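Visitor: A predicted structure for the sequence below; I have some questions about it.
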Amino acid sequence: MKRRVIAASFIATGLAFSVTSCSADKEQAKPASGCEEVLGAAGLEWVQEKAQADDIERGGVNLDEFQREYDRQMKPWKPTAQRWESEVCTITSTKLGDGKKLTIEFGPSSTPFDFDERETPDGVVTPVNADVKLQQVKDFKDVTHYGVYVKCKVSGTSSRQEIVTPLAGVLTDTLTDGVSDAARIRHLLRATQAVVNSLGCENDPSVPATPPA
C-alpha cells in the first residue's frame, strides 16, 4: 500500500492509497472492480479499443473500499490535516509496456474549491457549475492530467468543509491514442458521478455527464 501526500494543486496532490487484497479463503461473489464501477462497461470497451491492446489489466480499490478510506480521513474533519487520494482504477498492458497506463484517483483535496480565485492557478481551470470545477495541467513530461473538484459535504463536518476540503479527482492517460481532451473529461465526469453517488454528499452536488461546450 503506497501513499503520497496531497499538495497545493491537484497535479501535486498525492495520489495514492492503492489496491487492497481479498481473502482467497472466502467463497463469495467477487465484488466489482473500481474500474468497472467508475468507467462502466462502455468506458472499459473504449479504453481497450483506443489502447489497441488485448491484454488489458485492471486494478484499484472498489468504491466500498474508497468510501471507507474517505470517511476515515474526513471524520473527524480537520482543515489542515494531510490528505490522500485512492487509486480507484489503473489500467495497463504488458504488450504496451510500463510507461503506458490510465489511472483515475479520488480523495479529499488539500486545495480549496476557490483556489483559482486566490491566485493564478497552473494550467487551465474551467468552472462547470456552482459545485464542480475542471483543471488541466501538463507536467514536465508533457503529459496532461485532467482534474476535477467537487463540493462534497460530509455528514458531521463544519459548514466550511465542502469548500475547504472538496472532493478531488484526477485522470491521467498515456495508454490510449488519438483521444481528445473532451473524451477523457467525459470519462472523468462519469467516474466522478459514480464516486459522488458512493459518498452520499449531503449537498447533493450536480455533476454533469459532459464538459461545458
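Guide: Looks like it came in fine.
Visitor: what helix or strand does Phe106 sit in?
Guide: Counting by DSSP states H and E, the element that carries Phe106 is strand 101-108.
Visitor: mind listing what's buried in that strand?
Guide: Of the residues in strand 101-108, 101-108 count as buried by neighbour count, 16 or more other C-beta atoms under 10 Å. Backbone N, C-alpha and C define where each C-beta goes, glycine included.
Visitor: now the residues you listed in CSV, with distance to Gln82 and pLDDT?
Guide: Below are these laid out as CSV (distance: C-beta to C-beta, whole Å; pLDDT from 0 to 100):
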residue, distance to Gln82, pLDDT
Lys101, 25, 95
Leu102, 26, 97
Thr103, 21, 97
Ile104, 21, 98
Glu105, 16, 98
Phe106, 16, 98
Gly107, 11, 97
Pro108, 10, 96
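Visitor: check those residues against Val207 and report the nearest one.
Guide: Distance from Val207 was checked for each of the buried residues of strand 101-108 by C-beta to C-beta. The minimum falls on Phe106, at 12.1 Å.
Visitor: check the offset of the helix or strand bottoming out on mean pLDDT in the chain from the chain's centre.
Guide: Of all helical and strand segments in the chain, the minimum by mean pLDDT, DSSP states H and E falls on helix 115-118, at a mean of 88. Here the centre of mass of C-alpha atoms in helix 115-118, compared against the chain's by C-alpha atoms, centre = their mean, to the nearest Å, lies 21 Å away.
Visitor: same question for stretch 180-192.
Guide: Worked out by C-alpha atoms, centre = their mean, stretch 180-192 lies 11 Å from the chain centre.
Visitor: quick one, strands of this structure?
Guide: The residue ranges that make up the strands of the chain, judged by DSSP state E, are 56-59, 86-93, 101-108, 124-127, 132-138, 144-150, 167-173.
Visitor: do you know which of those strands lies nearest Pro205?
Guide: Nearest to Pro205 among these is strand 144-150 (5.2 Å), distances taken as C-beta to C-beta.
Visitor: tell me the strands beside that closest one, with direction?
Guide: For strand 144-150, the paired strands and their directions (DSSP bridges) read strand 132-138 (antiparallel), strand 167-173 (antiparallel).
Visitor: just name the most buried of those strands.
Guide: Relative to the other members of those, strand 167-173 carries the highest mean neighbour count by mean count of other C-beta atoms under 10 Å, namely a mean of 25.
Visitor: what is the orientation angle of it with strand 86-93?
Guide: Taking axes from the mean of the first three to the mean of the last three C-alpha atoms, to 10 degrees, strand 167-173 and strand 86-93 form an angle of 10 degrees between their directions.
Visitor: show me where this structure dips below the pLDDT cut-off.
Guide: 1-32 (pLDDT under 70).
Visitor: ranges for the helices of it?
Guide: For the chain, the helices identified by DSSP state H occupy 34-51, 63-74, 115-118, 161-164, 181-199, in order along the chain.
Visitor: Val88: which of the ones you listed is closest?
Guide: Taking C-beta to C-beta as the criterion, helix 34-51 is the member of these that comes nearest to Val88, at 3.8 Å.
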